[in-house]
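# just need the structure, nothing else, for what follows:
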Amino acid sequence: MATSDPTTLCDWCVKILCTPDPVEKVTLTKRLGELWNTGAITAIGQGEPPSRPARPDNLEFVAPSRAPRLGKAGSLQSRIAILHALANIEQWAIDTALDNIVRFRTCAPNESTDVDNYGAVMPQEFFSDFIRMAADEAKHYGWLTDRLHELGSHFGALPVHAGIWESASETAHDLACRMAIVHMVHEARGLDVNPTTIQNFRRAKDATSADMLETILADEVTHVEIGHRWFTYICEKRGKPKRDAFRKIVKTHFHGVLKPPFNEEARRAAGMEPDLYHGLDERDPGN
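As a prediction, this is how the structure comes out:
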């Protein structure tokens, strides 16, 4: 490591969260993954994540409801808009993965019914999972922005929104809520809609983008699985039934309706059985 590099995992994550330039953010995230995987960093440490990850001053932010219309990939403009929106999501996904590491490095007192686990550092696998997730998202961001350049555009050419981070902020108080909303709702919705997006790109004879999106989709299945696995872990620590906990959290913290169609095959591959989420669109308190 360079002498100026952070020496703990949490310090690295905070450094990346506070890095506004997306290219530098991607480079640092990949570097962190290499250092962790080779054992050059072993200390978890602790840190204070920013209330909002840094972004370049020249990005135009709009409310999610006012984001550019994406269309169905039938035109070059539509394909650029879709790839730009996905690049924006991937950048927030880097940040949420790293924020998970710093913010939820321990089982806080209100996160466990087992007194012996109060304040205990999360298992090593927790940190490895989210470092891998962040590195995947950094890789995806690079692919998407490279493709944007090939199509004559660039990231920042269109307005962006912070909808994912708004959900991350609302769930910053609780690991189970963060896993449920960010990874088991938002990322799982990506599993639902991405196959149609891929089909639309193929219909537009943009096989290069379609092939890239298929590879990204396969990675995203593993990300939903990670969220589901740690949600299950914390539910077991609390002695709470997973299905009941998930449905209560979604009804409280997801400001939308979780409705079909669902990509059942991909969700099952990620460990999410239909009974977990089916019927939530009915808004029935008894479900």
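# flag the shaky bits of the stretch 101-250 of the chain, pLDDT-wise.
Applying pLDDT under 70 to the predicted model, the residue ranges of the stretch 101-250 of the chain that meet it are 108-119.
# which parts of it are helices?
Shown for the stretch 101-250 of the chain, the helices assigned by DSSP state H, counting those that start in this stretch span residues 124-150, 163-170, 175-178, 187-203, 207-238, 242-253.
# and the shortest one, what does it pack against?
Right, helix 175-178. Applying 3 or more C-beta pairs under 8 Å, 6 or more residues apart in numbering; DSSP states H and E, we find helix 175-178 packed against helix 76-103, helix 207-238, helix 242-253. Where C-beta positions appear, they are placed from N, C-alpha and C, glycine not excepted.
# return the most buried member of those helices.
Mean neighbours per residue, mean count of other C-beta atoms under 10 Å, is largest over the helices and strands packed on helix 175-178 for helix 76-103, with a mean of 24.
# other SSEs contacting it?
If you count contacts as 3+ C-beta pairs under 8 Å, 6+ apart, helix 76-103 packs onto helix 9-17, helix 22-37, helix 124-150, helix 163-170, helix 175-178, helix 187-203, helix 207-238.
# which non-adjacent residue is nearest P274?
E264 (6.3 Å; C-beta to C-beta, 6 or more residues apart in numbering).
# just give me the neighbour total for the one you found.
15 (other C-beta atoms under 10 Å).
# what about it, distance to R229?
In this view, E264 and R229 are 19 Å apart by C-beta to C-beta, to the nearest Å.
# let's have the helices and strands packed on helix 175-178 in a markdown table, adding distance to Y141.
Putting the helices and strands packed on helix 175-178 into a markdown table (distance: least, C-beta to C-beta, whole Å) gives the following:
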| stretch | distance to Y141 |
| --- | --- |
| helix 76-103 | 4 |
| helix 207-238 | 10 |
| helix 242-253 | 26 |
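# out of these, nearest to T38?
The closest of those to T38 is helix 76-103. By C-beta to C-beta, the value is 17.7 Å.
# distance from that closest one to the middle of the chain?
Using C-alpha atoms, centre = their mean, to the nearest Å, the distance from the centre of helix 76-103 to the centre of the chain it belongs to is 8 Å.
# one more: stretch 266-278?
Remark: stretch 266-278 is offset 18 Å from the chain centroid, using C-alpha atoms, centre = their mean.
# CA-only coordinates of it, as PDB, when you get a sec.
The C-alpha atoms that make up stretch 266-278 are tabulated as PDB, following Å, rounded to 0.1, in the frame of the first residue of the first chain:
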ATOM      1  CA  ALA A 266     -33.800 -15.100 -10.700                       C
ATOM      2  CA  ARG A 267     -35.400 -14.400  -7.300                       C
ATOM      3  CA  ARG A 268     -35.300 -18.100  -6.400                       C
ATOM      4  CA  ALA A 269     -31.600 -18.200  -7.400                       C
ATOM      5  CA  ALA A 270     -31.000 -15.400  -5.000                       C
ATOM      6  CA  GLY A 271     -32.800 -17.300  -2.200                       C
ATOM      7  CA  MET A 272     -36.000 -15.300  -2.300                       C
ATOM      8  CA  GLU A 273     -39.000 -17.700  -2.300                       C
ATOM      9  CA  PRO A 274     -42.300 -16.300  -3.700                       C
ATOM     10  CA  ASP A 275     -44.000 -16.600  -0.300                       C
ATOM     11  CA  LEU A 276     -41.700 -13.800   0.900                       C
ATOM     12  CA  TYR A 277     -43.000 -11.100  -1.400                       C
ATOM     13  CA  HIS A 278     -46.200 -12.300  -3.100                       C
END
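# what comes up buried for it?
Of the residues in stretch 266-278, those buried by neighbour count under the rule 16 or more other C-beta atoms under 10 Å are 266-267, 270-272, 276-277.
# correct me if wrong: V62 contacts V160.
Yes: applying C-beta atoms under 8 Å as the test, V62 and V160 come out as touching, 7.5 Å apart.
# which one of these two has more residues nearby?
Neighbour tally, V62 and V160, criterion other C-beta under 10 Å: the higher count belongs to V160, 22 against 13.
# let me have the helices and strands packed on helix 76-103 in CSV, extended by distance to N58.
Listed next are the helices and strands packed on helix 76-103 as CSV, based on distance: least, C-beta to C-beta, whole Å:
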stretch, distance to N58
helix 9-17, 19
helix 22-37, 11
helix 124-150, 15
helix 163-170, 18
helix 175-178, 29
helix 187-203, 27
helix 207-238, 25
